[in-house]
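Novice: sequence below, structure please.
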Amino acid sequence: MPGATTNVIIPSSPARQPVIGSAGGTCLNISIESGATLNFSGAYTLNVKGDWTNSGTFTAGTGTVAFNGSAAQTITGVTVFNNLTINNSAGVTSGNNFTVNGVLALTSANPDATHGALDMGSYTLIMLNDAATLMGTGDVTGIVKRQHTFTPNVAYQFGSQFTTVSFVNTGTQPSELSCHISLGAALHGNQAQ
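Specialist: Predicted coordinates:
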């Protein structure tokens, strides 16, 4: 099992590709190369202390990927996470759109006044499951898109456990909603953005 100082590169060449099938998986940087796969076989956690690069196939199953480094981290490559934990006071930045279908735990505070614990930049955080939730003290900055069936009078979280949107039980409910989340001073009255 690699450790917190080991870079992991998963090439496409071996016939047997790795599976996270026990507790305690930890690495520094991880790279899933084109044609390679990484799978979870249960509700285990992979701790990433560095950067994530996915050019292959990642199957999250019921697992959790936790970004818990001490320096700023980056997620690159279109990826579908089940549960995602951000526990890094320096923050995590996205280099692509990606999806979280379970719990997004923002357990660290935001690194500064304008960037969330998870900063999507110009990319989009996609939540395809109506049960997908956010928890913790941090925020997501950038675009958060929920794309699923919306139930009237249910509070859906966008960017923080404290930022919610709900719809009244009249008319046709939307099938998707995107919000651009930014931090800083609130606008009052007729102030221009």
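
Novice: what sits up against stretch 150-157?
Specialist: 130, 133-134, 146, 163-170, 173-175, 177 (CB atoms under 8 Å, 6 or more residues apart in numbering). Where C-beta positions appear, they are placed from N, C-alpha and C, glycine not excepted.

Novice: show me what the lowest-mean-pLDDT helix or strand in the chain is packed up against.
Specialist: Lowest by mean pLDDT, DSSP states H and E among the helices and strands of the chain is strand 19-20, with a mean of 92. Strand 19-20 sits against strand 37-40, with contacts defined as 3 or more CB pairs under 8 Å, 6 or more residues apart in numbering; DSSP states H and E.

Novice: show me what the strand it packs on is packed against.
Specialist: Other helices and strands packing on strand 37-40, by 3+ CB pairs under 8 Å, 6+ apart, are strand 19-20, strand 57-59.

Novice: compare those strands and give me the one nearest residue 49.
Specialist: strand 19-20 (15.5 Å; CB to CB).

Novice: name the residues that touch that closest one?
Specialist: Applying CB under 8 Å, 6+ apart, the contact partners of strand 19-20 are 38, 39, 40, 41, 44, 46, 63.

Novice: quick one, which of these are buried?
Specialist: 38, 40, 44, 46, 63 (16 or more other CB atoms under 10 Å).

Novice: among the residues you listed, list the two that are farthest apart in space.
Specialist: 38 and 44 (12.0 Å).

Novice: would you mark the buried spots in the strand ranked longest in the chain?
Specialist: For the chain, the strand with the greatest residue count under DSSP state E is strand 118-127. Residues of strand 118-127 classed as buried: 118, 119, 120, 123, 124, 125, 126, 127 (neighbour count, 16+ other CB under 10 Å).
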